[in-house]
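Novice: got a predicted structure plus its sequence, pasted below:
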Amino acid sequence: MVTLSLVTAGESHGPALVGIVTGLPAGLRLDRDAIDSDLRRRQQGYGRSPRQKLESDEVEVLSGLRHGVTLGTPLTLVVRNRDHRNWLWGMSPWPPEGEPTGKGTKPVTLPRPGHADLAGVLKYGHDDVRNALERASARHTAVHVAAGAVAKALLAELGVEVVGRPVEIGGEATDEGMRTATDAARAHRDTLGGIVEVVATGVPPGLGSYAEKADRLDARLAFALMGIQAVKGVELGDGFDLARRRGSEAHDEIDPGLSRRSNRAGGIEAGISNGEPIVVRAAMKPLPTLMKPLDSVDLATGEPAQALVERSDVQAVEAFAVVAEAAVAWELARAAREKLGGDAIVDVIAAHRHYLGRISDRWQPRG
């Protein structure tokens, strides 16, 4: 079975973030500006930290692409950490020489509640919390966004569009309310979370499967979104609200032509896309790095202390919407590859066209 896979590596303040994509068909044209645009979108937002002014993310490609066209071989994506120049001693891969200089020279012993700090040092036996927090940082979502932009290029060839947006920040659902809540949290040296929604249109019925739990498209989307830092909840369609309704009010009735009167299922039934727009939402908790730190314990002394303070966003929900968009696009592209196969993009498009033709006597896409 042909499938996409992604392996990533890199630390928040290391030299770079790296992603290796396998399973792409040959002949897919990629637009560097489109990938860089998504990387910039990830860095934007009303509540972002000063680090976003230090980084100016751009994608580099080390393999799998020639003259902007995929070769069908592993695609290696690189996003440099420009701030690494301030961490050369502190994040040196090898034992550093000379006197400590720059940032990261002192061990971190003050774990932050809500972060990977304490669980990470206990699991891996680290003495320095930085050995856990660097990889756990949301900074590495940059390379996931780059991979998601590649996935969106593949989906575009199939007529699929994926768009993410924030729908709530700090309990507020209007643009003005979101900004006001962010300002208030900043004034109190606090942080906020929120909810984002991702909608995919043009998805044909038949992606995913009910045959095995791991093949269910809804399960895969939930896994992809729950794997993003700070996510604490995922719902598809009307999600938890469906649990409060009767069955007669919960399901999407079918009309002649196989169109639906509603989309409460969010475009997926029994783990398979049903031809309606796929709608998924994810909830992000408030960020755990606060300028007014929470109580903790110094791991070096065992005494009460306050958690580590580093640069922090007040909220990153707008950025989270971009990351969630990339995650959904990746899973949909992976499901499409499994459904359609093909070594070259022309084969993928031909298989897609043939499949739509096969079901056209029963199902027609919306206008």
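Specialist: Received the coordinates, thanks.
Novice: now residue 170: closest residue in space that isn't a chain neighbour?
Specialist: residue 181 (3.3 Å; Cβ to Cβ, 6 or more residues apart in numbering). (Glycine included, C-beta is placed from N, CA and C.)
Novice: actually residue 118, not the one I typed
Specialist: Using Cβ to Cβ, 6+ apart, the closest residue to residue 118 is residue 111 (4.0 Å).
Novice: okay, now the nearest residue to residue 56 once chain neighbours are set aside: neighbour count?
Specialist: Spatially, and ignoring its direct neighbours in sequence, residue 56 is nearest to residue 82 (6.6 Å; Cβ to Cβ, 6+ apart). Using other Cβ atoms under 10 Å, residue 82 has 14 neighbouring residues.
Novice: and what of the one 4 residues further on?
Specialist: Residue 86: 16 surrounding residues under other Cβ under 10 Å.
Novice: likewise residue 243?
Specialist: With other Cβ under 10 Å as criterion, residue 243 counts 8.
Novice: hang on, it in a helix?
Specialist: Yes - under DSSP: H, G, I helix; E, B strand; the rest coil, residue 243 sits within a helix.
Novice: least confident secondary structure element in this structure?
Specialist: Ranked by mean pLDDT, DSSP states H and E, the weakest helix or strand in the chain is helix 51-54, scoring a mean of 54.
Novice: against residue 198, how distant is residue 287?
Specialist: Residue 287 is 20 Å from residue 198, where distance means Cβ to Cβ, to the nearest Å.
Novice: now the helices for the stretch 1-150 of the chain?
Specialist: Along the stretch 1-150 of the chain, counting by DSSP state H, counting those that start in this stretch, helices occupy 32-43, 51-54, 117-124, 130-136, 141-156.
Novice: most tightly packed of the ones you listed?
Specialist: Comparing these by mean neighbour count (mean count of other Cβ atoms under 10 Å), helix 141-156 comes out on top with a mean of 25.
Novice: elements contacting whichever helix or strand comes after that one?
Specialist: Using DSSP states H and E, the helix or strand that follows helix 141-156 in sequence is strand 161-169. Judged by 3 or more Cβ pairs under 8 Å, 6 or more residues apart in numbering; DSSP states H and E, strand 161-169 is in contact with helix 141-156, helix 175-187, strand 194-201, helix 317-340.
Novice: quick one: distance of strand 161-169 to the chain centre.
Specialist: A distance of 12 Å separates the centroid of the chain from that of strand 161-169, by Cα atoms, centre = their mean, to the nearest Å.
Novice: now that strand: buried residues?
Specialist: Neighbour counts over strand 161-169 (16 or more other Cβ atoms under 10 Å) mark 162, 164, 166, 168-169 as buried.
Novice: for the residues you listed, work out which two are farthest apart.
Specialist: 162 and 169 (21.1 Å; Cβ to Cβ).
Novice: show me the shaky parts of the protein.
Specialist: Filtered on pLDDT under 70, the chain yields the residue ranges 47-55, 311, 367.
Novice: swap in 90 and give it another go.
Specialist: With pLDDT under 90 as the threshold, the chain has low-confidence stretches at 1-2, 44-56, 255-259, 288-293, 307-313, 361-367.
Novice: would you mind checking which of the buried residues of strand 161-169 is nearest to residue 155?
Specialist: residue 162 (6.6 Å).
Novice: centroid residue for the chain?
Specialist: Here the mean C-alpha position of the chain is nearest to the C-alpha of residue 323 (Cα atoms, centre = their mean), at a distance of 3.4 Å.
Novice: excluding covalently adjacent residues, which one is nearest to it?
Specialist: Closest residue to residue 323 apart from its sequence neighbours, by Cβ to Cβ, 6+ apart: residue 141 at 4.6 Å.
Novice: cool, residue 251 as well?
Specialist: Leaving aside its sequence neighbours, residue 251 sits nearest to residue 264 (Cβ to Cβ, 6+ apart; 6.7 Å).
Novice: show me what contacts that neighbour?
Specialist: Each residue near residue 264 by Cβ atoms under 8 Å, 6 or more residues apart in numbering is listed here: 237-238, 242, 250-252.
Novice: assumed it was part of a helix.
Specialist: No - assigned with three-state DSSP, residue 264 falls outside any helix and is coil.
Novice: how near is it to residue 171?
Specialist: 24 Å.
Novice: then residue 63?
Specialist: Distance from residue 63 to residue 171, by Cβ to Cβ: 45 Å.
Novice: just to revisit the earlier point, any chance of the helices of the stretch 1-150 of the chain in CSV, plus distance to residue 225?
Specialist: As requested, the helices of the stretch 1-150 of the chain are exported to CSV (distance: least, Cβ to Cβ, whole Å):
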stretch, distance to residue 225
helix 32-43, 15
helix 51-54, 23
helix 117-124, 21
helix 130-136, 17
helix 141-156, 11
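Novice: before we move on, back to that, quick one: which of the buried residues of strand 161-169 is nearest residue 127?
Specialist: Using Cβ to Cβ, residue 169 is the member of these that sits closest to residue 127, with 37.2 Å.
Novice: the closest one contacts residue 181, doesn't it?
Specialist: Yes - assessed by Cβ atoms under 8 Å, residue 169 is found in contact with residue 181 at 5.9 Å.
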